[in-house]
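Chemist: what's the 3D shape of this:
(one chain, ligands or ions: 1)
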Amino acid sequence: MSNRIAGFSKLSKTEKIEWLLNTYFTNIEASRDLIKQYWNTNEKLQKLHDEFIENTITNYYLPLGIAPNFSINDSLYAIPMAIEESSVVAAASKSAKFWLERGGFKTKVISTVKIGQVHFIYNGDYDKLSSFFDSVKSKLIESTNDITKNMERRGGGILGIELRNKTTDIDNYYQLHATFETLDAMGANFINSCLEQFASTLKDEALIYDKFSEEEKSIDIVMSILSNYVPNCLVRAEVSCAIEDLKSKDIPNPEIFASKFKQAVNIAEVEPYRAVTHNKGIMNGIDAVVLATGNDFRAVEAGVHAYAAREGKYSSLTHCTIDDGVFKFWLEIPLALGTVGGLTSLHPLVKFSLEMLKNPTAKELMQIVAVAGLAQNFAAVKSLTTTGIQQGHMKMHLMNILNQFEATSEEKTNLIEHFKTNTVTHSAVVEAIENLRR
Ligand code: MEV
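Modeler: Modelled structure (predicted):
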């Protein structure tokens with residue numbers, strides 16, 4: 001336990017770094033240089049990043065790439081993607097171009113309801129609790145007036161509160177289950193503030209409710225928190241075209257392609273092992289845009305996967321039909337996103353990404369993000385059912401291998417040319433570098 005430290009967060013940034021280097025590193029000079037190499041020379045910008053979280057020591061870069069040529073409801077977009085996986089942006093761009101020539105992506109926001117819950121324990125008669133809830137419901141809402149007035153002025157706010165009896169799951173366990181419209185905000189702070197106020201009003205009102213016994217009066221609040229499961233904050237993205245229009249350089253036989261593609265989607269619908277990887281491919285596109293636009297990708301991930309398992313079995317988020325010679329492929333997912341608040345006005349690159357997307361409303365952003373997911377899935381399943389995934393992956397991975405071997409620009413140009421006509425494998429690249437250097 002000799003590495004234990006008290007009051008770490010109170011140390012200065014330099015003190016934190018020195019403690020870290022002296023405690024865990026052998027090459028202290030090199031590690032210190034590395035940390036500092038990633039500091040921004042613009043001190044104001046660095047301070048901004050330092051203050052996003054606690055105990056910041058440096059910055060952790062991810063590439064920000066662009067996938068252009070996305071036609072969404074007949075408007076063109078260049079989509080920003082923050083991601084480390086080499087083939088993702090290339091795949092999105094390829095998909096965008098493919099569908100640009102076939103009518104583009106069509107999208108629709110189905111609903112925008114967010115959810116929050118106050119979880120509490122009440123030891124007593126349910127009918128009495130139910131009457132108490134009916135009598136205080138309007139007080140619960142009124143007590144949040146200060147929190148909700150701005151949101152209400154813009155057309156959002158609390159949509160409803162229900163009392164839910166959960167005693168079949170846990171003895172004496174009940175919920176206030178509340179629904180919200182948070183417009184362009186992701187809404188976490190707004191919802192959590194409302195819920196904490198509901199909890200406090202509920203507790204206070206119970207204490208003075210004369211039909212409750214002494215035991216019933218002491219409602220015990222366990223916690224008040226939004227839910228990241230938002231099955232009624234739903235967006236749909238779709239592509240479709242006549243089967244013969246799928247014909248392209250990579251798809252010489254569109255009939256065979258469409259039927260194999262549909263089979264692959266059907267497999268992901270029924271087989272959870274495949275569904276997880278299939279959906280992971282969708283999240284490659286979703287997370288990259290969610291991250292670039294300063295949204296909470298952990299919340300999105302948790303909610304999307306819960307949705308994928310909503311029928312009791314984990315399943316594909318995309319679906320495909322072939323009817324009357326028309327190929328249709330679509331995605332439906334829950335997305336709680338914001339284009340105001342949070343990082344959106346703080347992180348300069350988030351502002352930049354949002355401007356690139358024409359400063360979308362939250363609803364517009366939901367549609368753009370869903371498209372990125374659908375495009376990514378189309379590219380992955382297309383590769384998987386035709387050439388296999390490794391051909392494209394290894395081509396993109398070539399640069400990573402070259403960088404591992406510290407290839408010069410000249411060596412890179414030479415080897416990229418060489419691998420245009422040769423299969424990329426790790427050993428083939430190593431051999432080619434060695435040959436070149438010999
Ligand atoms: C890799 O990041 C994603 C894929 O595995 C997705 C899929 O299998 O559909 C290619």
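
Chemist: quick one: is the lowest-mean-pLDDT helix or strand in the chain near the ligand?
Modeler: Here the helix or strand of the chain ranked lowest by mean pLDDT, DSSP states H and E is helix 390-404, holding a mean of 82. No - judged by CB under 6 Å from any ligand atom, helix 390-404 makes no contact with the ligand; its nearest approach is 7.6 Å. (Glycine included, C-beta is placed from N, CA and C.)

Chemist: For that helix, list every residue counted as buried.
Modeler: Buried residues in helix 390-404, counting neighbours by 16 or more other CB atoms under 10 Å, are found at 392-398, 401-402.

Chemist: Identify, from those, the entry nearest to the ligand.
Modeler: Checking those against the ligand with CB to the nearest ligand atom, the nearest one is His393 at 7.6 Å.

Chemist: Just list the residues touching the residue in the stretch 201-350 of the chain that the ligand sits nearest to, thanks.
Modeler: Relative to the ligand, the nearest point of the stretch 201-350 of the chain is Gly281 (2.7 Å; CB to the nearest ligand atom). Gly281 is in contact with 376-377, 380-381, counting by CB atoms under 8 Å, 6 or more residues apart in numbering.

Chemist: neighbours of the residue nearest to Ser259 when sequence neighbours are not counted, just the number please.
Modeler: Excluding the flanking residues, the one nearest Ser259 by CB to CB, 6 or more residues apart in numbering is Ile322, at 6.9 Å. When neighbours are counted by other CB atoms under 10 Å, Ile322 registers 15.

Chemist: Sketch out the strands for the stretch 101-250 of the chain, chain order is fine.
Modeler: 106-109, 114-121, 157-165, 173-181, 220-227, 234-242 (DSSP state E, counting those that start in this stretch).

Chemist: that older thread, the residue of the stretch 201-350 of the chain closest to the ligand belongs to a strand?
Modeler: No - assessed by DSSP: H, G, I helix; E, B strand; the rest coil, Gly281 does not belong to a strand; its assignment is helix.

Chemist: on that earlier part again, for the ligand, state which of the contacts of Gly281 is nearest.
Modeler: When the contacts of Gly281 are compared against the ligand (criterion: CB to the nearest ligand atom), the nearest one is Ala380, at 3.7 Å.

Chemist: what number of residues lie near that closest one?
Modeler: 24.

Chemist: Go ahead and confirm it touches Ile389.
Modeler: Yes - using CB atoms under 8 Å, Ala380 is in contact with Ile389, at 7.0 Å.

Chemist: Backbone dihedrals for Ile322, both of them.
Modeler: Backbone torsions for Ile322, taken as degrees, to the nearest 10, come to phi -130, psi 110.

Chemist: picking up where we left off before, of the contacts of Gly281, list those near the ligand.
Modeler: Near the ligand, judged by CB under 6 Å from any ligand atom, the entries from these are 380-381.

Chemist: What pLDDT does the model give the nearest residue to the residue of the stretch 201-350 of the chain closest to the ligand once chain neighbours are set aside?
Modeler: Of all residues not flanking Gly281 in the chain, Ala380 sits nearest, at 4.0 Å (CB to CB, 6+ apart). The score at Ala380 is 97. That number is its pLDDT.

Chemist: which residues touch Ala380?
Modeler: Going by CB under 8 Å, 6+ apart, the list of residues near Ala380 reads 91, 278, 281, 284, 389.

Chemist: Give me the most central residue, this structure.
Modeler: When CA atoms, centre = their mean is applied to the chain, the residue found nearest the centroid is Phe297 (3.2 Å).

Chemist: Isn't that one up against Leu291?
Modeler: Yes - here Phe297 reaches Leu291: they are 5.3 Å apart, a contact under CB under 8 Å.

Chemist: ok so, going back, now go through the contacts of Gly281 and say which are in strands.
Modeler: Among those, DSSP state E puts none in strands.

Chemist: Just the ones of the contacts of Gly281 in helices?
Modeler: 376-377, 380-381 (DSSP state H).

Chemist: got CSV for the residues you listed, with distance to Leu195 too?
Modeler: What follows is the ones in helices among the contacts of Gly281, written out as CSV (distance: CB to CB, whole Å):
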residue, distance to Leu195
Gln376, 35
Asn377, 35
Ala380, 39
Val381, 40
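
Chemist: now, among those residues, which is nearest to Asn40?
Modeler: Distance from Asn40 was checked for each of the ones in helices among the contacts of Gly281 by CB to CB. The minimum falls on Gln376, at 30.6 Å.

Chemist: Against Met81, how distant is that closest one?
Modeler: Taking CB to CB, to the nearest Å as the measure, Gln376 falls 9 Å from Met81.

Chemist: any idea which element the residue lying closest to Val109 once chain neighbours are set aside lies in?
Modeler: Nearest non-adjacent residue to Val109, counting by CB to CB, 6+ apart: Lys363, 4.7 Å away. Take DSSP states H and E as the rule and Lys363 turns out to sit in helix 362-385.

Chemist: Mind listing what's buried along that helix?
Modeler: Result for helix 362-385 [16+ other CB under 10 Å]: buried residues 362-385.

Chemist: What of stretch 338-347?
Modeler: 338-339, 341-342, 344, 347.

Chemist: what's it in contact with?
Modeler: 48, 52, 182, 184-189, 293-296, 350-351, 354, 359-362, 364-365.

Chemist: before we move on, back to that, just the CA trace of the helix holding Lys363, in PDB.
Modeler: What follows is helix 362-385, C-alpha atoms only, in PDB (Å, rounded to 0.1, in the frame of the first residue of the first chain):
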ATOM      1  CA  ALA A 362     -31.500  17.600 -31.300                       C
ATOM      2  CA  LYS A 363     -34.100  16.000 -33.600                       C
ATOM      3  CA  GLU A 364     -31.900  16.600 -36.700                       C
ATOM      4  CA  LEU A 365     -28.900  15.300 -34.900                       C
ATOM      5  CA  MET A 366     -30.800  12.100 -34.000                       C
ATOM      6  CA  GLN A 367     -31.400  11.600 -37.700                       C
ATOM      7  CA  ILE A 368     -27.800  12.200 -38.700                       C
ATOM      8  CA  VAL A 369     -26.500   9.900 -36.100                       C
ATOM      9  CA  ALA A 370     -28.900   7.100 -37.100                       C
ATOM     10  CA  VAL A 371     -27.800   7.500 -40.700                       C
ATOM     11  CA  ALA A 372     -24.200   7.100 -39.700                       C
ATOM     12  CA  GLY A 373     -25.100   3.800 -37.900                       C
ATOM     13  CA  LEU A 374     -27.100   2.500 -40.900                       C
ATOM     14  CA  ALA A 375     -24.400   3.500 -43.300                       C
ATOM     15  CA  GLN A 376     -21.700   1.700 -41.200                       C
ATOM     16  CA  ASN A 377     -23.800  -1.400 -41.000                       C
ATOM     17  CA  PHE A 378     -24.500  -1.400 -44.700                       C
ATOM     18  CA  ALA A 379     -20.800  -1.200 -45.400                       C
ATOM     19  CA  ALA A 380     -19.900  -4.000 -42.900                       C
ATOM     20  CA  VAL A 381     -22.600  -6.400 -44.100                       C
ATOM     21  CA  LYS A 382     -21.800  -5.700 -47.700                       C
ATOM     22  CA  SER A 383     -18.100  -6.500 -47.200                       C
ATOM     23  CA  LEU A 384     -18.900  -9.600 -45.000                       C
ATOM     24  CA  THR A 385     -21.300 -11.100 -47.600                       C
END
